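Visitor: Dropping a prediction and its sequence here:
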Amino acid sequence: MQIYKVGGAVRDRLLGKPVADTDWVVVGATTDEMMIKGYRPVGTDFPVFLHPLTGEEYALARTERKTGRGYGGFVFHTDPDVTLEEDLIRRDLTINAIAEDKQGHLTDPYHGQRDLEARILRHVSPAFAEDPLRVLRVARFAARYAPDGFTIAPETMALMRQLSASGELEALTPERSWKEISRALMEREPQVFIEVLRECGALNVLMPEVDALFGVPQPQAHHPEIDTGLHVLSVLHQAALHHQPLSVRWACLLHDLGKGLTPEEEWPRHIAHEHKGLKAIKAVNLRFKVPRDCQELALLVGQYHTHGHRALELKPSTLLDLLQTFDVYRRPQRFEEFIVACEMDARGRKGFENRSYPQAEYLRGAAEAARKVAVQPLLDQGYQGQELGEALKRERLDTLMVYKASYQG
């Protein structure tokens, strides 16, 4: 039995980056031998075990054969005779196909170190084109390592285009797709993920609603970058620069989908794009079975982001309706995420990246003022039921009128 460290742990150590998780491959062993040594089996498709002390994953060396469509359309074969080189050749990228033994000696049959030095993301073998999930994975790695100067090898991009055109992407499960998308959005350059998907044709397959934004003009006075797709990429970039959570980044990606539905004869104006985009946002959310918090924020930001930009002009009654819609009294964090998504939208315009966004401070102050209105005095006055709700709304409205006057005064 021989044990090797593989994949990301080796890659990131060679790049001088922190290693988060360590995976191991075991050559020359059987399932029974692993269990005798105390390893706990967790794999269903192929034998993967957890170390009895560290909990790290140890997988038996294996080969694979394509038998059907999609990520799951493979038959795996494990045997003590499977070599390390045979196991490594089934991996996606050369930089992920380097193994290291316990003495620190590297096995690199597919020149991953060379590609690390050249800053190239390159597929290991033609079998790359058998797994559609690899399109998303390579795009995710491009987003992660773009700040380090990594680019995708032309021949690998060609295979990604082939996969995108093959119909295989449609066979991916929503869960697998969302796992890659969500991880990619949390990388340092998430906009690169979208750019790569678009370049290889996968964006039009997976998120045609986002792909449709490219080439759609906006009024230059408000959007010097003009192109809606480029604007969305910039907004996503700003969200990453400001370390926003996944829910905000997802909302930033989808907030302008309504502009892709504007008839060309109405360009560059996009009247009521906020409302028009809701159906598209719902469709994307449903397609990937997006978590509820991300779904809700994307819909709310899509519908109300122009309210955020016009916050200083809103009537107190409109402002109160906005606060009620977000339920700022019980869910203050959701409104905070809305505010920062609006700010990222404002900064995601050419020349506006470093401008102040006073609307954020104003909206936070309004929410705080509304939350401070006490219920008990109204109860003491005998209000209850629907009358209590109306009285509370009047008090909050009066408070917001005072707040707006003092803010402007």
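Guide: Cool, got the structure. Numbers count the residues shown, from 1 in each chain.
Visitor: what domains does the record give for this protein?
Guide: Recorded structural domains for the chain (assignment: automatic domain parsing) are 1-118, 373-408.
Visitor: By neighbour count, which bits of the last one are buried? Give me those.
Guide: Of the residues in domain 373-408, those buried by neighbour count under the rule 16 or more other C-beta atoms under 10 Å are 373, 378, 383, 391-393, 395-397, 399-400, 403-404. All C-beta spots, glycine's among them, are computed from the backbone N, C-alpha and C.
Visitor: Which pair of the residues you listed spans the longest distance?
Guide: By the measure C-beta to C-beta, the buried residues of domain 373-408 have their two most distant members at Tyr383 and Lys404, which lie 25.0 Å apart.
Visitor: With distance to Leu106 added, can I get the buried residues of domain 373-408 in CSV?
Guide: Putting the buried residues of domain 373-408 into CSV (distance: C-beta to C-beta, whole Å) gives the following:
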residue, distance to Leu106
Val373, 65
Leu378, 72
Tyr383, 75
Ala391, 73
Leu392, 68
Lys393, 68
Glu395, 70
Arg396, 65
Leu397, 69
Thr399, 66
Leu400, 65
Tyr403, 64
Lys404, 65
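Visitor: Go through these and flag which are in helices.
Guide: Secondary structure defined by DSSP state H assigns Leu378, Ala391, Leu392, Lys393, Glu395, Arg396, Leu397, Thr399, Leu400, Tyr403, Lys404 of those to helices.
Visitor: Count the residues that sit near the residue lying closest to Arg269 once chain neighbours are set aside.
Guide: Nearest residue to Arg269, sequence neighbours excluded (C-beta to C-beta, 6 or more residues apart in numbering): Pro219, at 6.7 Å. As a burial measure, the neighbour count of Pro219 was computed by other C-beta atoms under 10 Å and equals 12.
Visitor: do the same with the one 5 residues further on
Guide: By the measure other C-beta under 10 Å, the count of residues near Pro224 is 13.
Visitor: now the one 4 residues further on
Guide: Thr228 has 27 neighbours, counted by other C-beta under 10 Å.
Visitor: Surely it touches Val210?
Guide: No. In this structure, Thr228 sits apart from Val210 without contact. The criterion is C-beta atoms under 8 Å, and the distance is 10.0 Å.
Visitor: Run through the residues that contact the closest residue to Ile120 other than its chain neighbours.
Guide: In this structure, Ile120 finds its nearest non-sequential neighbour in Ala153, 5.3 Å apart by C-beta to C-beta, 6+ apart. The contact partners of Ala153, by C-beta atoms under 8 Å, 6 or more residues apart in numbering, come to Asp115, Ile120, Leu121, Arg122, His123.
Visitor: any idea how far Ala153 lies from Leu236?
Guide: Separation of Ala153 from Leu236 (C-beta to C-beta, to the nearest Å) stands at 25 Å.
Visitor: go on, Val284?
Guide: To Leu236, Val284 is 14 Å away according to C-beta to C-beta.
Visitor: Which of those two has more residues huddled nearby?
Guide: Set side by side, Val284 and Leu236 give different neighbour counts by other C-beta under 10 Å, the larger being at Leu236 (26 against 20).
Visitor: Look up phi and psi at Ala212.
Guide: Geometry field for Ala212 lists phi and psi as phi -70, psi -10, criterion degrees, to the nearest 10.
Visitor: can you check Leu121 too?
Guide: Dihedral angles for Leu121 - degrees, to the nearest 10 - are phi -100, psi 110.
Visitor: The helix or strand encompassing Ala298 packs against which elements?
Guide: Using DSSP states H and E, Ala298 sits in helix 292-309. Applying 3 or more C-beta pairs under 8 Å, 6 or more residues apart in numbering; DSSP states H and E, we find helix 292-309 packed against helix 246-254, helix 273-276, helix 278-287, helix 316-326, helix 332-347, helix 358-371.
Visitor: Thr151 pairs with what?
Guide: Beta-bridge partners recorded for Thr151 (DSSP bridges): Ile120.
Visitor: right, and it touches Ile120 too?
Guide: Yes. The pair Thr151 and Ile120 passes the contact test of C-beta under 8 Å, sitting 6.4 Å apart.
Visitor: Of these two, give the one with the bigger neighbour count.
Guide: Set Thr151 next to Ile120 and count neighbours by other C-beta under 10 Å: Ile120 wins out with 19 against 16.
Visitor: who touches Thr151 in this structure?
Guide: Thr151 is in contact with Arg119, Ile120, Leu121, Ala142, counting by C-beta under 8 Å, 6+ apart.
Visitor: whoops, I mixed them up, Ser247
Guide: Going by C-beta under 8 Å, 6+ apart, the list of residues near Ser247 reads Asp293, Cys294, Leu297, Ala298, Glu337.
Visitor: Most neighbours among those residues, which one?
Guide: Note: the member of those with the most neighbours is Ala298, at 27 neighbours, neighbours being other C-beta under 10 Å.
Visitor: how near is that residue to Ala360?
Guide: With distances taken as C-beta to C-beta, Ala298 is found 19 Å from Ala360.
Visitor: tally of neighbours for Leu257?
Guide: As a burial measure, Leu257 scores 28 neighbours (other C-beta under 10 Å).
Visitor: Start at 305, not 1
Guide: Happy to do that; since the first residue is 305 now, the last one works out to Leu561.
Visitor: the bottom helix or strand of the protein by mean pLDDT?
Guide: Among the helical and strand segments of the chain, the one scoring lowest on mean pLDDT, DSSP states H and E is strand 378-382, with a mean of 72.
Visitor: ok, back up a step: buried deepest among the helices and strands packed on helix 596-613, which one?
Guide: Sort the helices and strands packed on helix 596-613 by mean neighbour count, taking mean count of other C-beta atoms under 10 Å, and helix 550-558 sits at the top with a mean of 26.
Visitor: avg pLDDT for it?
Guide: Across helix 550-558, the average pLDDT comes to 98.
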